[in-house]
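Engineer: Just need the structure, nothing else, for what follows:
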Amino acid sequence: MNRPQRLFELDALRGMSLLGIVLMNILIFSFPYDNIDLTKHLSGFDVTIIRSVKLIIISSFYPIFTFLFGYGLAIMYQNTQRKQLRFYPIIYRRLFFLLVVGLLHGYFIFSGDILFTYAVTGMVAVLLIKLSKNTLTSIALILFMVKIIVILMPVVILHAMYGPDNSFNMLSHSVQDLINSRQSSSYLDFLPINMEENNYSILDTLTISAIFEFLPYILIGIAAQKFDLISHIRAVPQKYLKWGILAIVVGYIYKLPSVIYYADETYKLVSSLLAGPIVATGYILVFCYLCQTVKGKNWLSVFAFPGKLSMSVYLTQSIIFLYIYTGAGFALYNKLTLAQSYTLAILVYMVQLVVSYLYLKRYKQGSFEWIWRKFTYLK
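Structural biologist: Model prediction:
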């Protein structure tokens, strides 16, 4: 089967979002980030790091990756229609493979897996893929508004019942249990709590996240492909640059109170829900604008290499950090400073950049991508 020409902007943007994802995930790999308010346990330069990460990274990169997933689904639909292939058998095989990989990844490597969630959400999204871009956008906005209510109301109720400084933990283990399991010299000690956390992640996906958290971004991605966003940016890049800068500035201003501790928990949640996607929109538009400039394209081209190997890069990151932070390897969980963990994360990503470049000089696609394609097309 002939492969359509890839869009440079999408590959580079996907590679850049992989950097953002590893800068988010390193918090979970290295600390009990989901179980405590990490900012209360840091000092010195680590405080500056976590504030910067909250402003620039947190809640602003997973929407980009999810948007790109939707954009890719729409491209695949367009290609199958052009070649007169049956779209749904092909796409559901592709998504089923992703689901299985996500389950294995989530249970045995990293409970913060996103592949299972993408697979489940994608199975819903493709049922709507024939709708117009305006209808898709309207559905996405409605789901987004419902999401704010669905996620915000329980937080408001819990804060009213238990106070703003108390947290509600649905998991059976304590923070110390989590730390002990990660620092244990045995990988088998890591598994039970990781599996419990992944069970909760799956439950969250099947009840809330798939429809309200991820589906809106996927539908926006599909709508953007139908709108041919990349071609529009190429035609009038300055226009989209202005909108991109405006979105980033507005998003940062809205995020700032929660970053510097001038906001209560409810505002922090609303800030994450609203400002994160606004900043993500700005990143997408500014990044795509820079891809239209000679210097920008030259500098950003390095991101296209991991972007073409996104699944391989994502899974490899998890395996590396599993070895670094759990009993499968060095068991450095909760032992390094935030600065040290981020140094490791950036070094790992830089090595992946180089390896991706060298790999693609010899091969056309990654090993996971090759298997995924074979399963998708059965050839």
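
Engineer: pLDDT weak spots in the stretch 51-200 of the chain?
Structural biologist: 155-174 (pLDDT under 70).

Engineer: quick one: the helices in the stretch 201-350 of the chain?
Structural biologist: 215-227, 229-235, 237-259, 265-290, 294-308, 310-325, 338-362 (DSSP state H, counting those that start in this stretch).

Engineer: For Ile179, find the nearest of these.
Structural biologist: helix 310-325 (11.0 Å; CB to CB). The way it works is simple: take the backbone N, C-alpha and C, and place the C-beta from them, glycine included.

Engineer: Just name the most buried of the helices of the stretch 201-350 of the chain.
Structural biologist: Scoring the helices of the stretch 201-350 of the chain by mean neighbour count under mean count of other CB atoms under 10 Å gives helix 215-227 as the most buried, with a mean of 25.

Engineer: so how far is that helix off the chain centroid?
Structural biologist: Centre-to-centre, helix 215-227 and its host chain are 16 Å apart (CA atoms, centre = their mean, to the nearest Å).

Engineer: which secondary structure elements does that helix contact?
Structural biologist: helix 62-82, helix 115-125, helix 133-162 (3 or more CB pairs under 8 Å, 6 or more residues apart in numbering; DSSP states H and E).

Engineer: Leaving out chain neighbours, which residue sits closest to Leu300?
Structural biologist: Ala12 (5.0 Å; CB to CB, 6 or more residues apart in numbering).

Engineer: sorry, back to before: out of the helices of the stretch 201-350 of the chain, point me to the one whose mean pLDDT is lowest.
Structural biologist: Per-stretch averages of pLDDT across those put helix 265-290 at the bottom, with a mean of 89.

Engineer: Tell me how far the most centrally placed residue in the chain lies from Leu152.
Structural biologist: In the chain, the residue lying closest to the centroid (CA atoms, centre = their mean) is Tyr62, at 3.0 Å. Tyr62 sits 19 Å away from Leu152, taking CB to CB, to the nearest Å as the criterion.

Engineer: now swap in Val259 and tell me
Structural biologist: 19 Å.

Engineer: do Asp204 as well
Structural biologist: 16 Å.

Engineer: now do Arg86
Structural biologist: For Arg86 relative to Leu152 (CB to CB), the value is 42 Å.

Engineer: Looking at these two, which has the bigger crowd around it?
Structural biologist: Using other CB atoms under 10 Å as the criterion, Arg86 and Leu152 rank with Leu152 on top: 14 against 8.

Engineer: that older thread, who wins for proximity to Val175 among the helices of the stretch 201-350 of the chain?
Structural biologist: helix 310-325 (15.5 Å).

Engineer: which helices and strands sit right next to the closest one?
Structural biologist: By 3+ CB pairs under 8 Å, 6+ apart, helix 310-325 packs against helix 8-30, helix 87-108, helix 338-362, helix 367-377.

Engineer: Mind putting those helices into CSV with distance to Ile324?
Structural biologist: Shown next, in CSV, are the helices and strands packed on helix 310-325 (distance: least, CB to CB, whole Å):
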stretch, distance to Ile324
helix 8-30, 8
helix 87-108, 16
helix 338-362, 7
helix 367-377, 21
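
Engineer: so which of those comes closest to Leu55?
Structural biologist: helix 8-30 (12.2 Å).

Engineer: The next helix or strand after the closest one vs helix 338-362, what angle?
Structural biologist: Counting by DSSP states H and E, the element after helix 8-30 in chain order, helix or strand, is helix 45-56. Going by axes from the mean of the first three to the mean of the last three CA atoms, to 10 degrees, helix 45-56 is angled at 50 degrees with respect to helix 338-362.

Engineer: Return the set of buried residues in helix 45-56.
Structural biologist: Of the residues in helix 45-56, 46, 49-51, 53-56 count as buried by neighbour count, 16 or more other CB atoms under 10 Å.

Engineer: which residues sit against that helix?
Structural biologist: The contact list for helix 45-56 (CB atoms under 8 Å, 6 or more residues apart in numbering) reads 23-24, 27, 38-39, 42, 252, 255-256, 258-260, 337-339, 342.

Engineer: returning to that earlier point: Tyr357 is nearest to which of the helices and strands packed on helix 215-227?
Structural biologist: helix 62-82 (20.4 Å).

Engineer: Restricting to C-alpha, output that closest one in CSV.
Structural biologist: Extracted in CSV, the C-alpha atoms of helix 62-82 (Å, rounded to 0.1, in the frame of the first residue of the first chain):
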residue,chain,number,x,y,z
TYR,A,62,-1.6,16.3,26.7
PRO,A,63,-4.3,18.3,24.8
ILE,A,64,-1.8,18.7,21.9
PHE,A,65,-1.0,15.0,21.7
THR,A,66,-4.7,14.2,21.9
PHE,A,67,-5.6,16.8,19.2
LEU,A,68,-2.9,15.2,17.0
PHE,A,69,-4.4,11.7,17.6
GLY,A,70,-7.8,13.1,16.3
TYR,A,71,-6.1,14.7,13.3
GLY,A,72,-4.4,11.4,12.5
LEU,A,73,-7.7,9.5,12.7
ALA,A,74,-9.2,12.0,10.2
ILE,A,75,-6.2,11.6,7.8
MET,A,76,-6.6,7.9,8.0
TYR,A,77,-10.3,8.1,7.2
GLN,A,78,-9.6,10.4,4.2
ASN,A,79,-6.9,8.0,2.9
THR,A,80,-9.1,5.0,3.1
GLN,A,81,-11.9,6.8,1.3
ARG,A,82,-9.6,7.9,-1.4
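
Engineer: for it, packing partners?
Structural biologist: Counting by 3+ CB pairs under 8 Å, 6+ apart, helix 62-82 packs on helix 8-30, helix 87-108, helix 115-125, helix 215-227, helix 265-290.

Engineer: Reformat those helices as a markdown table; add distance to Thr316.
Structural biologist: Conversion of the helices and strands packed on helix 62-82 to a markdown table gives the following (distance: least, CB to CB, whole Å):
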| stretch | distance to Thr316 |
| --- | --- |
| helix 8-30 | 10 |
| helix 87-108 | 11 |
| helix 115-125 | 13 |
| helix 215-227 | 24 |
| helix 265-290 | 23 |
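
Engineer: Appreciated, that's everything.
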